[in-house]
Each structure stands twice: as structure tokens, then as C-alpha cells.
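Asks: structure of the sequence below:
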Amino acid sequence: MFRLVTLNLNGIRSAATKGFMPFAESLAADCMGVQEIKAQAADLAGRFDTVAGMKGHFHYADRKGYSGVGLYARHEPSDMRLGIGNAEFDAEGRYVEARFDTPKRRLSIISCYFPSGSSGELRQQAKFRFLALMAPHLVKLKTEREFILVGDVNIAHKEIDLKNWRSNRKNSGFLPEERAWMSHALDEIGLVDVFRKLNPHPEQYTWWSNRGQAWAKNVGWRLDYHLATPGLAEKAVHEHIYLEQRFSDHAPLVIDYDFTL
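Replies: Residues are numbered from 1 along each chain as shown. Below is the predicted model of the structure:
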């Protein structure tokens, strides 16, 4: 069994004060993708470079206290890829890919943090640029290898994926263009939204605004995903959104797959 977790930490040091490390220990994951670590190498050294017996591999943002992603892995990757080969977004620390290749298999696990457009039009346009780059990147990757991309995609795909869909149709995260990108990733590129494959039910969210009573009333959005090539998606057997503790404004999304590295 292969247990894969994704969690937007909203700052790894902040999450650590809320019980993230004991949670990671208890989970017994094989890989964990984390996003928005908001830290640099010096901040992680000796404290967060290894978590729960998993070695961390990181793509840092140039700007301190901003973005940054990591992938913790129990097994040593055969190769690593940092960034998507674009100067604008690679400077923001958004993509880390661990390859676990053998003579019989080419397999990648990716932790990715898609831009948020909620702060205004400039960042929304940046988000659209990122989406335009990611689509051909994923197409190429799919021709070369099996993969699971986990992370905060910052898009709720369908009406079932957020509580207040009617009032958010013109808001970042649920714009028609963003939803169309996700449909394209699934229908044309041929990736699988693994959580939805396993769980078709409403009110399954991974992010809640800190405003008002969003968490208490479960007024949430499903922004965090496992996007997998079909062969790996078929091996998914169990999903769980971890709601017992809060380390962040996002919840961990845990999926078990019937394969081993």
C-alpha cells in the first residue's frame, strides 16, 4: 500500500505550532506533498528537512515568507525536478517532482501550488499564465511516465466542490475559465480527479475561509487534489479528508493506493 498526502500548510512553522509534526508521525505516509511552506532552506535545516522519517525535497520561492513547496518521501527518488522551466513561476517555488524510476517503470510524485488569483486582477492574470503553461507540461509528462500530482490547485471544479457556488461564479477559484481548465485536464489530457473517483458526495471540502463561521458551518471549497494518470488512479482504494485537527486553513487530503515504490 502507498499512502500519499497533500496539505497546504499556510506556513510550515505556523503549522508546527498547531500539531503538524505529531500528525505526520501518526499518519505513516509514504509521501507527503506540502504547499505554502513560506520558508527557506535555513529555516528548515535540522527541524523540517526530515518529517516522520520522510526526507524532504523542496522548491523555495525567491521571496522570503512566500509560497514554496515540498515533497517528503520515505524512499529515495531516482531523480528530482524543481520548477516547470519558466522563470516567472519557478521564482515563486511552485513545483517539485520526485521520480521513482525502475527498469520496468517510470513514475513521478509531484507537489504543486497553483497561484491564487483572489488578491486582484494582476494575480488572476498570473494564474491564467500558469494554467496555460501547466497544460502542455502535463500533456508531455503523461506521454513519458505515470504520475500523481498533488497540491493546492486553487480551483473548485464543479458546483458540488464549494458550498456557495451561486455567489462565487465571478470569483477567483470558480471562474468559468478556471473550471474549463480543470475539465480540459480531466477530459482532454486524460488525468483523473482521484478523490472524486472514490467519493461522489457533496460537502467534501479542503479549504475554509478564516472569515466568519466558515469552518464551523462547513462553508468550504475543495481546492486540493490528487490528479493522476489513469493507471495509477485505478489503484486508489481509500480517501480521507483529515478534519480532526487544524494545522492550516486547508485540511490534509489522504489517499491510499494499491502499489508500492
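Asks: give me phi/psi at residue 33?
Replies: When read as degrees, to the nearest 10, the backbone of residue 33 gives phi -90, psi 130.
Asks: ok, it - how many residues close by?
Replies: The local packing of residue 33 (other C-beta atoms under 10 Å) involves 30 other residues. For the C-beta atoms, the positions are set from N, CA and C on the backbone; glycine is no exception.
Asks: run the chain-centre distance for stretch 246-258.
Replies: 9 Å (C-alpha atoms, centre = their mean, to the nearest Å).
Asks: with stretch 47-61 instead?
Replies: On C-alpha atoms, centre = their mean, the centre of stretch 47-61 falls 15 Å from that of its chain.
Asks: what's the end-to-end length of that stretch?
Replies: Distances were taken as C-alpha to C-alpha, to the nearest Å; on that basis the terminal residues of stretch 47-61 are 19 Å apart.
Asks: who's in contact with residue 134?
Replies: When the contact criterion is C-beta atoms under 8 Å, 6 or more residues apart in numbering, the partners of residue 134 are 84, 114.
Asks: and the pLDDT for it?
Replies: At residue 134, the model reports a pLDDT of 98.
Asks: list the buried residues for the strand or helix carrying it?
Replies: Taking DSSP states H and E as the definition, residue 134 sits inside helix 121-144. Neighbour-count burial for helix 121-144 flags 124, 126, 127, 128, 130, 131, 134, 138, 141 (criterion: 16 or more other C-beta atoms under 10 Å).
Asks: neighbours of the nearest residue to residue 205 once chain neighbours are set aside, how many?
Replies: Closest residue to residue 205 in three dimensions, ignoring its sequence neighbours and counting by C-beta to C-beta, 6 or more residues apart in numbering: residue 220, at 2.8 Å. The criterion is other C-beta under 10 Å. On that basis, residue 220 has 24 neighbouring residues.
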